[in-house]
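Q: predicted model, plus sequence, below.
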Amino acid sequence: MQRPRIAVHKFASCDGCQLAFLNAGAALLTLAQRVDIVHFAEAGWLDPLAEVDIAFVEGSISTPHDIERIRAVRASANYLVTLGACATAGGLQALRNGIRESANWVADLYASPQYIESLPESRPISAHVKVDLEIWGCPVTTEQVLGATANLLNGVAPVNPGEPVCVECKRRGHACVVVTQNAPCMGPVTRTGCGALCPGVGRACYGCFGPAELPNAASMAKHFEQSGLSKREVARRFLFITSAAQPFADIGRHYQDE
Amino acid sequence: MHADRFLPHAALQGLYEALAERGYAVIAPRVKDGAIFYEESRHPDSLPWGIRLEQDAGASRAVQDTHTQCFAWANGPQALKPLTFAPRETLWRIKRTAVGFAVEAIEHAARPLAVIGTRACDLAALSIQDRHFLGGPYPDPGYAARREDMLLIAVNCTHPASTCFCASTGYGPAAEAGFDLALTELEGGFVARAGSARGEELLAALTLENATPEQAEAAAASVRHAAESQTRAIPGTQLRDALMARLDHPRWREVAERCLACGNCTLVCPTCFCHAEVELPELDGSGSLHAREWDSCFGERHAYIHGKQLRPEISQRYRQWLTHKLATWHEQFGRSGCVGCGRCIAWCPVGIDITEEATALLK
Amino acid sequence: MSSVADFFMNSPHPPQLARIVERIQESDDIFTLRLRFSDAALQDGYRFTPGQFNMVYLPGAGEVPISLSSDPEEREGFAHTIRAVGRVTQGLAALGRGAEVGLRGPYGRGWPLAEAEGKDVFVVTGGLGCAPVMAVIHYVLKRRERFKRLVILQGVKHSHDLIWRASYERWAQEADTQVLLAANATEALWPWHVGSPIDLVAQAEFDPAHAVAMVCGPEGMMVAAARALKARGMDEADIHLSLERNMQCALGLCGHCQLGGKFICKDGPVFAYPEVKALLERGGL
């Protein structure tokens, strides 16, 4: 039987999610024994148009060229998985979405702005092509990515939990930073996957895994305000790494505009 | 019946040693990250000496005070539940074979635990969990293994938090049953009472003086005072019919505007038992683990059924939780599922108060 | 302290091994697996009541509760009829004859067959709700003398969802048996009713005072069916429904299948209508 073929593609991103593979240690060798990695530029394999069973995509769509590329990736892949906040929600770079002056920034920052061609908005992969599985995180973890891969290799759809960080935080027995420190923790409205990393070291979750399954962002925002954050600070809690994901986008803008 | 003894604070080390000699790992409260946690301990120095708990709806701070007691606080976010109902545990493992697969046993490394500082509310909750996990047609072996050799040293509550309401549920502040030893802290030590042969044997081994009548009365008075000083109360212990008649009450929508659906109330609740099962296949294809983990009725997995979410709204999830805890629990356990520990109030990030909600619903 | 071996022997959690002896594609997404426990003694001793279910385990994917659809007195094996709708059932759909799965069960309370003896049996099903009562139909037809009339009412959303069409046609020819079929949407040459199966309750020929109804399908349909049966003069206590909820342990432990004060997995899945009426009729619970 032919081994499944996988590809790892990069769009507008920091490369951090691809590290979920590269930092996997021995598991990466195990993976390489089960699949043929045909394209993974950061690791040295180059064949971007090869037909694959699973394409992992990191990064958001930010340029006209990205749109052409993602369509080609989709056409070449049987199953498409987005990796991380950029690919799944537009990423940190989506902060420029909807800001009119952003067009001038390029001219202000770069000596030869004519070489830069950006779309007006940074958008997730799902805005352009069909996505089979979205893995959230900034960055995604090795456990998430290899867990999903193990499921796919086993012939079943991966589970993709949308439970809030709080559930994992309590399983791990961390002290709640909201209750003990009045910290502006996004954990109650943020999906788990990180293993409650930040509350585990005594700091507030900043929402990098995006909205949970049933997030009450309005109540969370109101709570932040009541616990002493200014409206602008409340807006920044939501308009950060997954600023384009709903309901974070709407609640963030609501507080920003007030 | 043996007389109550007096266990001076200075004799706690002897108690720890006696427990260790009898093969128990000692689990005791300690302050960590601003809260009180029950963890393995070798020395009473790690107890919350001089600690006071400033606790209210959505807030809890363990504060260093100048007093000389080690149990002058009510409770932490967890006590016994993680020790018996494990937050995560493997149920079985499979290995693939040439013709299919084989199911493999899981090593169960339960060891005898002695828990110092169990509150009356937590003992009441434990008896509910015992009934749930052990009393049905399919006793749970993991729970049974962890529960089997557990020695419980209760400490009667003398400093309830503002969130406590055990006096109104009838499950505290004094431990009535289910303990091996029950202590009541006074200045300088504890009035100690045995609740089992094991407990009596321990007390005898520590060669303690009998408690004086004054000490016994001071202990009883401080527990009475603890009951009287509670400011919150559940509006009744037989709320089944009243709550089930109010499934369309506007309060469900009102509370849902605040409720974050984060599940914290269920996870800190000492009687909540819901858990989900998960399958974790090995990347190399050689096998798979089947595990279970704490779950919550506020989560998406709870009422999901082939493509459909039966409780898609927060109001429905909150209603499920509260009506189960205070109403339909009676059908399953013959009593309410609320022991009055107040954890769901203190550890709710937005401070939703079950006593306030239940009271409002009854109006 | 119990030994590891004891723990494992006594644990209700791990599944037993069973092999697929036959796989039948019933429709585009519905298939039947005929199974046999790999351990012969286990297979010999395996008994179930129609309406009960097994937890079917696909290694590497997880477990799903699936009702038994075969005749309870068949000793060589048993059958599950499954719709491929979720990650585990889609995985199970890919398995062929000879593949090994895990199984534990049977669980729950089945249909009140003893109570139905000497009475008319009215089976009302919607969609794949037909699977849990298929075992009832087999049971009644094999022991025809113990029961009076058998009315089989089956509704599907679309006519191409109807499985076991040949069986329905055959049963319609049996003595004292009435088959009523309905589809909300149909392809050409659908000789039966177009519309809701509830419409057909009025056409059923049975004695409402001496009948037991067994209803299985979506909750809304079951409530409507129970009302229609009541309107025909049946006592609510003679109407039985098979309920469905998320089930992860099937042991009454995990809490997912709760409906009010019931654990569907152990108190049900079959309930007399009055036991669950109030909860079902209001929904969202």
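A: Nice, thanks for sending it over.
Q: would you mind naming what in chain C lies close to chain A?
A: Taking Cβ under 8 Å from any Cβ of the partner chain as the test, the list of chain C residues beside chain A reads C:L58, C:G60, C:A61, C:R87, C:V88, C:Q90, C:G91, C:A94. C-beta coordinates here come from the backbone N, C-alpha and C atoms, glycine included.
Q: let's see that with 6 Å instead.
A: C:G60, C:A61, C:R87, C:G91, C:A94 (Cβ under 6 Å from any Cβ of the partner chain).
Q: just the stretch 151-300 of chain B next, same as before
A: B:258, B:260-264, B:267, B:281, B:283-284, B:294, B:296, B:299-300.
Q: how about those residues in TSV, adding pLDDT and distance to A:L119?
A: Converted to TSV, those look like this (pLDDT from 0 to 100; distance: Cβ to Cβ, whole Å):
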residue	pLDDT	distance to A:L119
B:R258	98	39
B:L260	98	35
B:A261	97	35
B:C262	97	36
B:G263	97	39
B:N264	98	40
B:L267	98	43
B:P281	96	39
B:L283	95	36
B:D284	94	41
B:W294	98	43
B:S296	97	40
B:G299	95	36
B:E300	92	33
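Q: give me the buried positions along the one helix or strand in chain A whose mean pLDDT sits lowest.
A: Least confident element among the helices and strands of chain A, by mean pLDDT, DSSP states H and E: helix A:102-109 (a mean of 82). Residues of helix A:102-109 include none that count as buried (16 or more other Cβ atoms under 10 Å in any protein chain shown).
Q: from the chain's centre, how far out does it sit?
A: Chain-centre distance of helix A:102-109: 25 Å, with Cα atoms, centre = their mean, to the nearest Å.
Q: what bridges to the closest residue to chain B within the stretch 51-200 of chain C?
A: Per Cβ to the nearest Cβ, C:E100 is where the stretch 51-200 of chain C lies closest to chain B, at 2.8 Å. Beta-bridge pairing of C:E100 under DSSP bridges involves C:R19.
Q: and it, how many residues sit next to it?
A: Using other Cβ atoms under 10 Å in any protein chain shown, the number of residues around C:E100 comes to 20.
Q: test my guess that it contacts B:A98.
A: No: judged on Cβ atoms under 6 Å, C:E100 makes no contact with B:A98 at a distance of 10.8 Å.
Q: centre of the chain to stretch B:182-198, how far?
A: 20 Å.
Q: check what contacts that stretch and list those residues.
A: Here stretch B:182-198 makes contact (Cβ atoms under 6 Å, 6 or more residues apart in numbering or on different chains) with B:2, B:4-9, B:69, B:71, B:154-156, B:175, B:179-181, B:200, B:203, B:211, B:215-216, B:218-219.
Q: circling back to that earlier point, okay, who's weakest in the residues of chain C next to chain A by pLDDT?
A: Lowest pLDDT among those: C:R87, with 92.
Q: just confirm it contacts A:P158, I think it does.
A: No: using Cβ under 6 Å, C:R87 is not in contact with A:P158, being 7.9 Å away.
Q: name the element B:F190 belongs to?
A: Per DSSP states H and E, B:F190 falls inside strand B:189-194.
Q: which parts of the next helix or strand after that strand are buried?
A: As assigned by DSSP H and E, the chain's next helix or strand after strand B:189-194 is helix B:197-205. Going by neighbour count (16+ other Cβ under 10 Å), the buried part of helix B:197-205 is B:G199, B:E200, B:L202, B:L203.
Q: export those as a markdown table, with columns for pLDDT.
A: A markdown table is the format used below for the buried residues of helix B:197-205 (pLDDT from 0 to 100):
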| residue | pLDDT |
| --- | --- |
| B:G199 | 96 |
| B:E200 | 95 |
| B:L202 | 96 |
| B:L203 | 95 |
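Q: so can I have a markdown table of those residues showing distance to B:G23?
A: Formatted as a markdown table, these follow (distance: Cβ to Cβ, whole Å):
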| residue | distance to B:G23 |
| --- | --- |
| B:G199 | 16 |
| B:E200 | 18 |
| B:L202 | 13 |
| B:L203 | 18 |
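Q: with respect to B:A242, which of those is nearest?
A: Taking Cβ to Cβ as the measure, B:G199 is the one of the buried residues of helix B:197-205 closest to B:A242, at 39.9 Å.
Q: separation between the closest residue to that closest one other than its chain neighbours and B:L151?
A: Among residues not flanking B:G199 along the chain, B:D180 sits closest, at 3.6 Å (Cβ to Cβ, 6 or more residues apart in numbering or on different chains). Shown here: B:D180 relative to B:L151, a distance of 5 Å by Cβ to Cβ, to the nearest Å.
Q: before we move on, what about C:A79?
A: 50 Å.
Q: residues touching the residue nearest to B:G199, list them.
A: Applying Cβ under 6 Å, 6+ apart, we find B:D180 in contact with B:L151, B:L152, B:G195, B:S196, B:R198, B:G199.
Q: enumerate the residues of the stretch 51-200 of chain A near chain B.
A: Residues of the stretch 51-200 of chain A lying near chain B (Cβ under 6 Å from any Cβ): A:146, A:150, A:154, A:162-164, A:166-167, A:170-171, A:175-176, A:178-180, A:188.
Q: now list the buried members of the residues you listed.
A: Among these, the ones that count as buried (16+ other Cβ under 10 Å) are A:146, A:150, A:154, A:162-164, A:166-167, A:170-171, A:175-176, A:178-180, A:188.
Q: list just the nearest of those to B:F333.
A: A:K170 (22.9 Å).
Q: quick one: what helix or strand has that closest one in it?
A: Going by DSSP H and E, A:K170 is part of helix A:165-171.
Q: restricting to C-alpha, output that helix in PDB.
A: The C-alpha trace of helix A:165-171 is given here as PDB (Å, rounded to 0.1, in the frame of the first residue of the first chain):
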ATOM      1  CA  VAL A 165      -9.500  26.900  28.700                       C
ATOM      2  CA  CYS A 166     -11.100  26.800  32.200                       C
ATOM      3  CA  VAL A 167     -12.000  23.100  31.800                       C
ATOM      4  CA  GLU A 168      -8.400  22.100  31.200                       C
ATOM      5  CA  CYS A 169      -7.200  24.600  33.800                       C
ATOM      6  CA  LYS A 170      -9.300  22.900  36.500                       C
ATOM      7  CA  ARG A 171      -8.300  19.400  35.400                       C
END
